[in-house]
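Participant: Coordinates for the following, if possible.
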Amino acid sequence: MIHVFKTSVDTKSKLEFATALLTELLPHAKWNFDLEDCDNILRIDSEKEISETVLQNNIFDCIELE
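Facilitator: Predicted coordinates:
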């Protein structure tokens, strides 16, 4: 299942912190950021549910889009 999120990841340093967090929280998922998009889109392809920890982290804002 693919989940799409609007994020506040708009700098290289935020991207580095977000990468570390997502690698730890979602080790078996595929994900990527599109920082050229105005919403700084994060796409996560995971068979498991996306944890609230991803949505409510201290590194970046993350809102799921429908």
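Participant: Just want the most central residue of the chain.
Facilitator: Computing the C-alpha centroid of the chain and ranking residues by CA atoms, centre = their mean puts Leu42 first, at 4.5 Å.
Participant: that's a helix at that one, yeah?
Facilitator: No: with DSSP: H, G, I helix; E, B strand; the rest coil as the criterion, Leu42 is assigned strand and is not in a helix.
Participant: Flag every buried residue along the lowest-mean-pLDDT helix or strand in the chain.
Facilitator: Least confident helix or strand, the chain: helix 52-55 with a mean of 84, by mean pLDDT, DSSP states H and E. Under the neighbour-count criterion of 16 or more other CB atoms under 10 Å, helix 52-55 has Val54 buried. (Each C-beta comes from the backbone N, C-alpha and C, glycine too.)
Participant: any idea how far it is from the chain center?
Facilitator: On the basis of CA atoms, centre = their mean, to the nearest Å, helix 52-55 sits 9 Å off its chain's mean C-alpha point.
Participant: swap in stretch 13-23?
Facilitator: 9 Å.
Participant: All the strands of the chain, residue numbers only.
Facilitator: Using DSSP state E, the strands assigned to the chain run over residues 2-7, 30-34, 41-45, 62-65.
Participant: so what does the first one touch, helix or strand wise?
Facilitator: Counting contacts by 3 or more CB pairs under 8 Å, 6 or more residues apart in numbering; DSSP states H and E, the secondary-structure elements packed against strand 2-7 are strand 41-45, strand 62-65.
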